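Participant: Below is the sequence, then the predicted model.
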Amino acid sequence: MKKVAVILSGCGVYDGTEIHEAVLTLLALDQAGATVQCFAPDIAQHHVINHLTGEVSSAETRNVLVESARIARGKVLPLSEFDAKSFDAVILPGGFGAAKNLSDFATAGPDLQVEPSLAAALQATHAEEKPIGFICISPVIAAKIFGPIGPKLTIGNDPAVAHTVNTLGAQHQDCLAGNICADTHCKIFSTPAYMLGASLKDIAPGISQLVQAVLSAA
């Protein structure tokens, strides 16, 4: 039975993890018989968005780990406790939290920095030659961390983000929402999900394929 770490970035598409992408990931892993442990950094969110109005709730603060527990039904650990030797693979769902909490891509663009505990987790996983899956916008994190080895990645077909991916040293591949980009040499897998897909039925096949590819490489 494969053991997979799923790394969350809060709860809610505009300031945390994209919930549909996370649930589809967890469902596909469960259907494949994998054991899952969720992780999230124990840090403050970049900001809080009112998901009803789309406005910033400037007087409100939230914690990424605490908010991620909403998706994980309480079963989430601080990312600082992640041990790459204990897992067969890692998967990162998307959502703006990947660009605001797990990195600062939303504000820094190509000059992004990755949250230190996440950078350490991904580098350790790669050093163990274990596969990593990236969903939606999260592949920009892979480009930042693994750019020097030139992995093939996809965020769909957005020209500006694709340019950033290439600028960081990765090789962007255009991809449909229901498909994946599989770099079997680097053991890095990605799918566009809501970067392209307009509905659950559009993104579900890609996420399912990504999970299967990650598990097969583990």
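Facilitator: Arrived safely, thanks for sending.
Participant: If the spatially most central residue of the chain is in a bridge, with which residues?
Facilitator: Centroid check for the chain by C-alpha atoms, centre = their mean gives Leu92 as the closest residue, at 2.5 Å. Leu92 has these beta-bridge partners by DSSP bridges: Phe134.
Participant: residue contacts, it?
Facilitator: If you count contacts by C-beta atoms under 8 Å, 6 or more residues apart in numbering, Leu92 has them with 6-7, 98, 102, 132-135, 138, 141. (Glycine included, C-beta is placed from N, CA and C.)
Participant: Can you show me the helices along this protein?
Facilitator: Assigned by DSSP state H, the helices in the chain fall at 19-31, 64-71, 97-100, 105-108, 116-127, 139-146, 159-167, 200-217.
Participant: out of these, nearest to Ile43?
Facilitator: Among the helices of the chain, the nearest to Ile43 by C-beta to C-beta is helix 64-71 (5.3 Å).
Participant: That closest one packs against which elements?
Facilitator: helix 19-31, strand 35-40, strand 76-78 (3 or more C-beta pairs under 8 Å, 6 or more residues apart in numbering; DSSP states H and E).
Participant: Grab the nearest non-local neighbour of Glu18.
Facilitator: Gly95 (3.4 Å; C-beta to C-beta, 6 or more residues apart in numbering).
Participant: for Lys3, same thing?
Facilitator: Closest to Lys3 by C-beta to C-beta, 6+ apart is Thr35, at 4.6 Å.
Participant: From Lys75, how far out is that neighbour?
Facilitator: Using C-beta to C-beta, to the nearest Å, Thr35 is found at 11 Å from Lys75.
Participant: Could you pull up the residues touching Ala124?
Facilitator: By C-beta under 8 Å, 6+ apart, the residues touching Ala124 are 82-84.
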